[in-house]
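J.: What follows is a protein structure lacking sequence information:
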């Protein structure tokens, strides 16, 4: 019985430590960070910059919809007892989770447009910030291939 208890304590400790030391995702911040900053830092080409502007607009539109949903949840949900407040918190968390999912999706779409050098810069910046980078396959551009062969 004592052996099972020890095993349970070790397992619970592992879970707690694993949760404590887990790194947060390294968001690129499309739509949150000024487009010109992202464009300058990563030296985006014209097509990449146009996509960045488009993705920023898409994120704003999606977040506006989700913000409206938050307002509706807040204004229409009863809040007179603990159970109702708990349900409100769950609905609020669900919408906030949706916002995070949308941010991740948009950032990953932008990152797939990066060439290998831009993506490596992103990974290095994430490492410096102790964040976990999103794993994507960078785009290989024909002008990059020609320059590498010279």
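T.: Looks like it came in fine. Since the structure is predicted, the reported quantities are computational estimates derived from the model, not experimental observations.
J.: can we go C-alpha only for contacts and neighbour counts from here?
T.: Noted.
J.: show me the contacts for residue 139.
T.: Shown in contact with residue 139 (CA atoms under 8 Å, 6 or more residues apart in numbering): 112-116.
J.: pLDDT score assigned to residue 49?
T.: According to the prediction, residue 49 has pLDDT 97.
J.: Can you get me a residue count around it?
T.: When neighbours are defined as other CA atoms under 10 Å, residue 49 has 18 of them.
J.: try residue 97
T.: 12.
J.: So which elements touch the helix or strand where it lies?
T.: Taking DSSP states H and E as the definition, residue 97 sits inside helix 82-111. Applying 3 or more CA pairs under 8 Å, 6 or more residues apart in numbering; DSSP states H and E, one finds that helix 82-111 contacts helix 46-76.
J.: Give the buried residues for the helix it packs on.
T.: 48-49, 52-53, 55-56, 58-60, 62-63, 66, 70, 73 (16 or more other CA atoms under 10 Å).
J.: Need the per-residue pLDDT for the spatially most central residue of the chain.
T.: Relative to the mean C-alpha position of the chain, the nearest C-alpha, by CA atoms, centre = their mean, is the one of residue 104, at 3.4 Å. pLDDT recorded at residue 104 is 97.
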